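S.K.: Build the 3D model from these lines:
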Amino acid sequence: MKIKRICDIYLYVRIVCAFIVSGQTFIKKVVSIQTKQEIIKLNKDISISIDKYMDVRTEKFGLTAAQGIVLLFVAENGGIHVSELKKFVDTSKSTVSATLTLEPLEDDNRQKKIVPTEKALRVKNSLSREFADICEELFGEFSQEELNCVCRFQKTVAENARRCFKNYMETEEK
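M.R.: The predicted structure is shown next:
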């Protein structure tokens, strides 16, 4: 009788332990999902907040932040081919700011090069300083190691998001 009781207790303890372990695993998965969802929400919030802040700061140049970024990219490169801009901003060839003009390429009139206007060149340095100030305000308290870590994380998330989107779109088209 005593052995049966010990076996019953042993079995009960094993069941309780298994339940606790599976419960902990379940809780870890739920917490992990909640954490991942929170990261996605935080990234979206960060993106929106930075866009709004940069838009307000670049308003004095008569530009949105997105236009300012494109303008700097074009101005710093002395003009670029439309296809290069498309790669940089992932936008259509027809999306061109008023501070940029299209000029035909010397060797092929069908192709266009985007070049900064005089206005763009006048605001380039001030705009560049404005963006540098924004970056310092947002990230100045982080060490280089912390910045590198966050950058690696963000690059991985961005690559995963692009890959997932591409895979999803490919399966939806079939």
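S.K.: So for stretch 52-68, what gets flagged as buried?
M.R.: Neighbour counts using 16 or more other CB atoms under 10 Å place 54, 57-58, 61, 63, 65-68 of stretch 52-68 among the buried residues. For glycine as for every other residue, the C-beta is placed from the backbone atoms N, C-alpha and C.
S.K.: Which residues does stretch 101-114 contact?
M.R.: Contact with stretch 101-114 is made by 74, 79-82, 85, 96, 100, 115-117, as judged by CB atoms under 8 Å, 6 or more residues apart in numbering.
S.K.: whoops, stretch 43-52 was the one
M.R.: So stretch 43-52 is contacted by 65-66, 138, 154, 157 (CB under 8 Å, 6+ apart).
S.K.: Can you lay out these as JSON lines showing distance to residue 123?
M.R.: As requested, the contacts of stretch 43-52 are exported to JSON lines (distance: CB to CB, whole Å):
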{"residue": "65", "distance to residue 123": "13"}
{"residue": "66", "distance to residue 123": "15"}
{"residue": "138", "distance to residue 123": "21"}
{"residue": "154", "distance to residue 123": "28"}
{"residue": "157", "distance to residue 123": "32"}
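S.K.: Could you tell me which of these belong to strands?
M.R.: In strands, defined here by DSSP state E, there are no members of those.
S.K.: Mind jotting down where the strands sit in the protein?
M.R.: Under DSSP E, the chain gives strands at 80-81, 100-104, 112-116.
S.K.: Can you redo those strands as JSON lines, where the extra columns are mean neighbour count?
M.R.: As requested, those are exported to JSON lines (neighbours: other CB atoms under 10 Å):
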{"stretch": "strand 80-81", "mean neighbour count": "18"}
{"stretch": "strand 100-104", "mean neighbour count": "14"}
{"stretch": "strand 112-116", "mean neighbour count": "20"}
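S.K.: Thanks a lot, see you next time.
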